[in-house]
Structure formats: C-alpha cells, structure tokens
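A.B. asks: Structure of the sequence below:
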Amino acid sequence: MNGFIVGQVVRSVAGRDKGQFMVVIEVLDDQFIYVCNGKLRKVSNPKKKKIKHLAKTNHIATDIRDKILDGKKISNAEIRKILESYHMPNGVGDENREEV
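C.D. replies: Below is the predicted model of the structure:
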C-alpha cells in the first residue's frame, strides 16, 4: 500500500496548491487519495491528488480520523483548526496531533 492514513496531515509538493497543508480524507488506491484543507478544498468537495505530489508528515489528526472512521460528519472549521497549528511557530496546538 502507499502508507498514507486517513486523518494524516500532508503537504502538497506540486500543483497550484504547492506548499499547503491538507488532511487525508480517504485513501482511494495506491496512486490517489482525497485531501481537503477546509478553505479552498472543503470537506464536501475534496481534492483528488496523486500521492507522488504529496509529502507525508508524521502527524495524524486523531479527532478527524476517529470521526471519519466512525462515519460521522466533520466540519471545515475542524479541519482549519487542525491545520492552523502547522503555520504557527513552535508547534502551538500540538495537543490534537499524534506521531506516526
């Protein structure tokens, strides 16, 4: 398999969204996954992205992962809150992360 996990935070390394952090919403197969960031790419319309255009981080948004796996709805605000700590210095907001 490709090693990506639902709820994992990834960074885009190619395309118009290069440099942006996103959360894996669904793993389709060995080549594609769905990602969203809660701003331009909302949960209702996630981006289908090739895995070779993404860089993994060692963090999983556990709250998001658990909700997706339980079949519950997640909001764009939850995604934005998880990702805002990746743009802050010194890892402020690390309490919602889990190391892989």
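
A.B. asks: Bridged to the residue nearest the centre of the chain, which residues?
C.D. replies: Nearest to the mean C-alpha position of the chain, counting by C-alpha atoms, centre = their mean, stands V23 at 0.7 Å. Under the criterion DSSP bridges, V23 forms beta bridges with V9, C36.

A.B. asks: which residues touch it?
C.D. replies: G7, Q8, V9, V10, V35, C36, N37, A61, I64, I79, I82, L83 (C-beta atoms under 8 Å, 6 or more residues apart in numbering). Every residue, glycine included, has its C-beta placed from N, CA and C.

A.B. asks: cool, and L83?
C.D. replies: Neighbours of L83 in contact, by C-beta under 8 Å, 6+ apart: V9, F21, M22, V23, N37, G38.

A.B. asks: Now N37: phi and psi?
C.D. replies: phi -130, psi 0 (degrees, to the nearest 10).

A.B. asks: separation between it and D30?
C.D. replies: Using C-beta to C-beta, to the nearest Å, N37 is found at 23 Å from D30.

A.B. asks: now do N2
C.D. replies: If you go by C-beta to C-beta, the gap between N2 and D30 works out to 5 Å.

A.B. asks: what is in contact with these two at once?
C.D. replies: In contact with both N2 and D30: I51, using C-beta under 8 Å, 6+ apart.

A.B. asks: Least confident secondary structure element in the chain?
C.D. replies: When each helix and strand of the chain is scored by mean pLDDT, DSSP states H and E, strand 97-99 comes last, with a mean of 52.

A.B. asks: Just the buried residues of the contacts of V23.
C.D. replies: G7, Q8, V9, V10, V35, C36, N37, A61, I64, I79, I82, L83 (16 or more other C-beta atoms under 10 Å).

A.B. asks: Specify which member of those residues is nearest to V43.
C.D. replies: Closest to V43 out of these is C36 (5.4 Å), distances taken as C-beta to C-beta.
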